[in-house]
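Novice: Sequence first, then the predicted structure:
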Amino acid sequence: MKVNEIMASPAITVGESTSLEDVARLMLDKGIGCVPVVDADGKIAGIVTEASFAAKSKGIPFSTFRAPQLLGRWLSDTSVANIYAEARQTPVSEIMVKNVVTIEEDESVNRAVELMLEHDINRVPVVRDGRPVGIIARHDLLRLMAGRV
């Protein structure tokens, strides 16, 4: 079975200068867990997932300590709500994952599952000539189990 048989299509994308507020609203309005970010030519430049908006533990430069970071800002006494408010107009290019794992639409579903496992990711943008045409997510694999393909 090929990826294009079970992927969600079309891919909903945003440009690199789109604000984080607009990306968050789009994801909520469309009920989607990720958005590929495209360059001026429509080619994939990055990806933003729900996890991009969550706090992460990051290493402190020149130290063995790790500290929480949210949207590229260190968490200290600053409240989470304040960080989100300050970051609303930040361009998505500042937090997107740039080394995007992608798959071609004519590759097998087996290969998509391998990529998800190998890279510990839940979603893989499906591309044609470098341009996103869909998304295959672990959720889409439920269609195989439910016989809805």
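Specialist: Received, thanks.

Novice: Quick check: next helix or strand after the helix or strand containing residue 113?
Specialist: Per DSSP states H and E, residue 113 falls inside helix 109-119. Going down the chain from helix 109-119, the next helix or strand is strand 123-128, by DSSP H and E.

Novice: Could you pull out the buried residues of that next one?
Specialist: 123, 124, 125, 126, 127 (16 or more other CB atoms under 10 Å). Where you see a C-beta, it was placed from the backbone N, CA and C, and this is true even at glycine.

Novice: Could you do stretch 133-144 as well?
Specialist: For stretch 133-144, using 16+ other CB under 10 Å, the buried residues are 133, 134, 135, 136, 137, 140.

Novice: Check the gap between the fourth one and residue 128 for me.
Specialist: Separation of residue 136 from residue 128 (CB to CB, to the nearest Å): 13 Å.

Novice: quick one, helices of this protein?
Specialist: With helices called from DSSP state H, the chain shows them at 20-30, 80-87, 109-119, 142-146.

Novice: Which of these has the lowest mean pLDDT?
Specialist: Comparing mean pLDDT across those, the weakest is helix 80-87, with a mean of 77.
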